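> Sequence first, then the predicted structure, then my questions.
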Amino acid sequence: MESYTKFAVRGATTILLISIIAAILGYVVRVLLARNLSVEEFGLFYAVFAFVGIFGIFKSLGFDRALAKFIPEFVHKKKSSMIKNCIMYSAFIQLLTNSVVIIVLYILSDFLAANYFKYDEAGILLKVLAVAFFIDSFVQTLKFAFQGFKKPVYFSGIDVIRGLLLISIIIIGLKLNYGVLSPAYAYVIASAIITVLFSVILVKKVFPDFLKSKFSFNKKLIKRLFKYGIHVISISVGVVILGSTDIVMLTYFTDLKAVALYSVALPTARALRNFILPIAAVLLPLTSELWAKNNKKILIAGMESLYKYSIIMIIPLALVMLSFTDLLIQILYGKDYLSASTSMKILAVGMIFAVLSVINSNFFAGIGKPQIYSKIIYFGAALNFVLNLILIPVIGIIGAAISTASSYFIIMALTFKDVRKYIKLSFPIGIWARTVLAGAIFTLLIWALKRVLSLNIWAETAIILVISGIIYAAMLFLFRIIDIREVKDLYRRIVK
């Protein structure tokens, strides 16, 4: 148990720290664009980005994500040739499907620019971003290979390198007056550099037997990968529809300004997931290994702890975002984007549900049952589509936010129900309830301190967060959500 806890905590901590850096860099990209492009140009770029992203869901047929499931299995069985086959099959499928996607987008680009985006520069943006997504598909293959090999530094480090490259190239592009095309070219160049760099790392450091291992056509393995991948791609389709439908429908029903505002609200709220996704990334290969060994006792204990600590972490983070939404938007994007405030608050609450859904998703993927989550995510995506269709024409971006948050809640509830069909775990309902109570007190304290204090905005915010944070931590012990013995036991498992 100690070794699994150590791997999970250390792996998740590593990914978390690197992911925070990557997330910061990602928001620097958005801030750069928001500060240097007009609101309409900012909205145009992310409208096109979301549209191309929908095409991108079919680019791998799930073979890339299957690597995170099958590599741990073949590492355990010491079958290097099978690992190489998995990676090569994924790369070949990416090449084939992406070629089709890029041709389709090139053919339709001018028509879509005139009739859907209604903006002349949308055509060239579509073409350039199609190339970027083509190259980036191989980056995704590398990421999931690193995840399968349990190499969290490389898995999450790709996003840090990507962020640094994007920032550097966008700054150069803006100075050279490429305008809205700057980020598009940046994504192409960054993806190409990352593909070359991390391919070398994979072959030379992580999987040195790659060149020595024999590559062969294994029909049975391809069927296994396809069977697993087709369900995973179903999940990806649902996730992308759930994440992109808002932008696509806002583009159709409203205008590029509304798209720009929502392109600030949704990604900023999604930043909350960055604190939990590292844990989920470690969960998938770990679940796969424990399930293969039929070690359900450790798996159940791990899942129960994960539910507990995820809520303890995400509740205060969501409430801080909800309490300081206007300040966050103004600092990052400027006054022109303050109209996104209400939507961001709704989405911040929705991310609490999304976090728990992601954990359950990785559990199903780890036990080789991704089709369970795919059915649920499709239902959630369909619900999101219907709600968007009803609410966006009436209340715009607020309707989009309500639709997404509601869909995340339904997905969370349905995944909880199905998890218990495979492992007999107990959901920490009492702990969750006490955590929500602690969070409510935490929020009231923030609002009270904001009324009482009148200082420099930075000093005031820092003091409020420190005081309320200390009180929240104290309430965790006071309400018996966690105790000293539990903390000591966890520490012992990690350091030994």
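Nice, I can see it. Numbering: from 1, shown residues only.
> Average pLDDT for the helix ranked longest in the chain, rounded please.
With secondary structure taken from DSSP state H, the chain has its longest helix at helix 370-419. Mean pLDDT, computed over helix 370-419, is 89.
> Check the offset of it from the chain's centre.
16 Å (Cα atoms, centre = their mean, to the nearest Å).
> Mind giving me the packing neighbours of that helix?
Secondary-structure packing of helix 370-419 (3 or more Cβ pairs under 8 Å, 6 or more residues apart in numbering; DSSP states H and E): helix 219-253, helix 256-270, helix 341-366. C-beta coordinates here come from the backbone N, C-alpha and C atoms, glycine included.
> Report the angle between whichever helix or strand comes after that helix and helix 341-366.
Next along the chain after helix 370-419, taking DSSP states H and E as the criterion, comes helix 429-452. Interaxial angle, helix 429-452 versus helix 341-366 (axes from the mean of the first three to the mean of the last three Cα atoms, to 10 degrees): 150 degrees.
> Show me what helix 429-452 is in contact with.
307-308, 311-312, 315-316, 319-320, 322-323, 460, 463-465, 467-468, 471-472, 475-476, 479-481 (Cβ atoms under 8 Å, 6 or more residues apart in numbering).
> Mind checking which of those are in helices?
Among those, the members found in helices (DSSP H) are 307-308, 311-312, 315-316, 319-320, 322-323, 460, 463-465, 467-468, 471-472, 475-476.
> Give the PyMOL command for selecting the buried subset of those residues.
Buried members of those, defined by 16 or more other Cβ atoms under 10 Å, are picked up in PyMOL with:
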select buried, resi 307+308+311+312+315+316+319+320+322+323+460+464+465+468+472+475+476
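> before we move on, back to that, of the helices and strands packed on helix 370-419, which is nearest Phe155?
Comparing these against Phe155 with Cβ to Cβ, the closest turns out to be helix 341-366 (13.5 Å).
> for the residue lying closest to Val31 once chain neighbours are set aside, phi and psi?
Leaving aside its chain neighbours, Val31 sits nearest to Leu332 (5.2 Å; criterion: Cβ to Cβ, 6 or more residues apart in numbering). Per-residue torsions, Leu332: phi -80, psi -50 (degrees, to the nearest 10).
> hang on, Leu332 packs against Tyr27?
Yes. Here Leu332 reaches Tyr27: they are 6.5 Å apart, a contact under Cβ atoms under 8 Å.
> list the residues that contact both of those two?
By Cβ under 8 Å, 6+ apart, the residues touching both Leu332 and Tyr27 are Thr268.
> Any regions of the stretch 51-200 of the chain where pLDDT drops low?
Where the stretch 51-200 of the chain drops to pLDDT under 70, the residues are 56-62.
> Strands of that one, start to end?
When secondary structure is read from DSSP state E, counting those that start in this stretch, the stretch 51-200 of the chain shows no strands.
> Would you map the helices across it?
For the stretch 51-200 of the chain, applying DSSP state H, counting those that start in this stretch gives helices covering 63-76, 80-112, 122-148, 152-175, 181-201.
> buried ones in the first one?
What that stands for is helix 63-76. Those would be 63-75, for helix 63-76 by 16+ other Cβ under 10 Å.
> what about stretch 64-75, distance to the chain center?
Using Cα atoms, centre = their mean, the offset of stretch 64-75 from its chain centre is 20 Å.
> mind exporting stretch 211-224 as CSV, just the C-alpha atoms?
Once non-C-alpha atoms are left out, stretch 211-224 reads as follows in CSV (Å, rounded to 0.1, in the frame of the first residue of the first chain):
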residue,chain,number,x,y,z
LEU,A,211,15.1,0.9,-31.9
LYS,A,212,16.1,-2.6,-30.9
SER,A,213,12.6,-4.0,-30.5
LYS,A,214,11.0,-5.7,-33.5
PHE,A,215,8.0,-4.1,-35.2
SER,A,216,5.4,-6.4,-36.6
PHE,A,217,1.8,-6.5,-37.8
ASN,A,218,-0.1,-7.9,-34.9
LYS,A,219,-3.8,-8.2,-35.9
LYS,A,220,-4.9,-9.3,-32.4
LEU,A,221,-3.2,-6.3,-30.8
ILE,A,222,-4.7,-3.9,-33.4
LYS,A,223,-8.1,-5.2,-32.6
ARG,A,224,-7.5,-4.7,-28.9
